[in-house]
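1. Just a sequence and a predicted model for now, questions to come.
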Amino acid sequence: MKIANFLFFNALIISSGIACATADLAPNLSYSKVEQKIKSNDKNSFIFFRERDEGNTSYFFDYFGGYPSIVHDNDSLDSYSTYLVIEKTQGGFEADCLYSDRKSGSNGLMAKDGRCGLGLKFKNKTTVTGEEGDTVIKNIINASNKINISYFLNGKVKYLPIMIFQNKEEYAYQLYKSKEDLENGQYKIISCKNDSSDCDVYDNNTWVVVTNSPDPVVNFSILNKSDKDSSFDKATPSSTMMKKSLNKPFEVKSLKANLQSPLGVKLKSYLVKGDKVTLLRVSDNIKCSIRYINQRNDILDGYISCADLNLFN
């Protein structure tokens, strides 16, 4: 794809919890409600954090997959729980990964994902509020809410594929095969290598974890819970299927498809045949709003002629 005048913002996807946190994090940090501190075993290293309940939203300390985390539960229009993993570093603390389990109030789309490479640093004996990860989840929610699924609900397309990751070697997408699956929160995560005819299929308990820096990498993890403990482990695909037997992502079918302004004026930027996209909105079956994720895992939103797209109907 060539990009000249195309709305651009960094992709909002996550990296594997395995890549983010190491197994020795959990024993090193604990929380004192009395002192309102997240502190290490040496007792000289801590950050202040006050748990609070504000009605529809609350912030508290807990462990996510065994890793010490600040949890943000939100039960407003967009419902989500986020887990900002806290690590002890030399001279302070760091939060590099944010995990979210969410449901959009606008379109009902659900996801379990993670963003790593955040690099949030906190000096020793300073205060954190728990809101440090809120900008990340708000951007994720806003991007998800742009997907107007009316074209799926009214039968213009037979299934709903949502691109969630791409680099030079592979791509991944979320798949709702029917309206009933959307209503019941049932979806698949499909991961495909560019040089393979097969794809791995994961169920909706899988967390998609993406690290964008220095190079975009995706991992698939599962949160295993027991009575007292939990662990964040590598997920095993529920099946492996041939690409040709799967519901494919929507893609460009024209050799060259110019992007358009909101008023329909052609731009110099264009997509090429085979570029995979997410359909955001359909206007009068003529102009389609789409999202493209390039091989740097950057998100690009824009308009294209619907006639240039293969929706596999």
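-> Good, I have the coordinates. All of these numbers come straight from a predicted model, not from anything done at the bench.
2. Helices along the stretch 1-150 of the chain, start to end?
-> For the stretch 1-150 of the chain, applying DSSP state H, counting those that start in this stretch gives helices covering 17-20, 25-28, 134-145, 150-153.
3. how about CSV for those helices, with mean neighbour count, mean pLDDT and distance to residue 185 added?
-> Quick note: C-beta positions are derived from backbone N, CA and C, even for glycine. Shown next, in CSV, are those (neighbours: other C-beta atoms under 10 Å; pLDDT from 0 to 100; distance: least, C-beta to C-beta, whole Å):
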stretch, mean neighbour count, mean pLDDT, distance to residue 185
helix 17-20, 23, 42, 21
helix 25-28, 16, 55, 29
helix 134-145, 17, 96, 14
helix 150-153, 16, 95, 15
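4. Present these as TSV; the columns should include distance to residue 69.
-> Output for those, formatted as TSV (distance: least, C-beta to C-beta, whole Å):
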stretch	distance to residue 69
helix 17-20	10
helix 25-28	10
helix 134-145	13
helix 150-153	34
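5. so which of the ones you listed comes closest to residue 303?
-> Distance to residue 303, taken as C-beta to C-beta, is lowest for helix 150-153 among the helices of the stretch 1-150 of the chain, at 14.5 Å.
6. so who does the residue nearest to residue 124 when sequence neighbours are not counted touch?
-> Take residue 124 and drop its neighbours on the chain: the residue closest to it by C-beta to C-beta, 6 or more residues apart in numbering is residue 92, 5.0 Å away. Residue 92 makes contacts with 45, 121-124, as judged by C-beta atoms under 8 Å, 6 or more residues apart in numbering.
7. Just the ones of those residues in strands?
-> Judged by DSSP state E, strands contain the following of the contacts of residue 92: 121-123.
8. May I ask which of those has the most neighbours?
-> Using other C-beta atoms under 10 Å as the neighbour test, these are led by residue 122, with 19 neighbours.
9. What residues are bridge-paired with it?
-> residue 93 (DSSP bridges).
10. So what's the residue count around residue 105?
-> Look at residue 105: counted by other C-beta under 10 Å, it has 13 neighbours.
11. and the spatially closest residue to it that is not a sequence neighbour, how far is that from residue 273?
-> Counting by C-beta to C-beta, 6+ apart, residue 105 lies nearest to residue 77, which is 3.5 Å off, once chain neighbours are set aside. As judged by C-beta to C-beta, to the nearest Å, residue 77 and residue 273 stand 39 Å apart.
12. ok, the closest residue in space to residue 253 that isn't next to it in sequence - contacts?
-> With sequence-adjacent residues excluded and distances taken as C-beta to C-beta, 6+ apart, residue 253 is closest to residue 310, at 4.0 Å. Residue 310 makes contact with 250-253 under the criterion C-beta under 8 Å, 6+ apart.
13. Name the member of those with the most neighbours.
-> residue 250 (25 neighbours).
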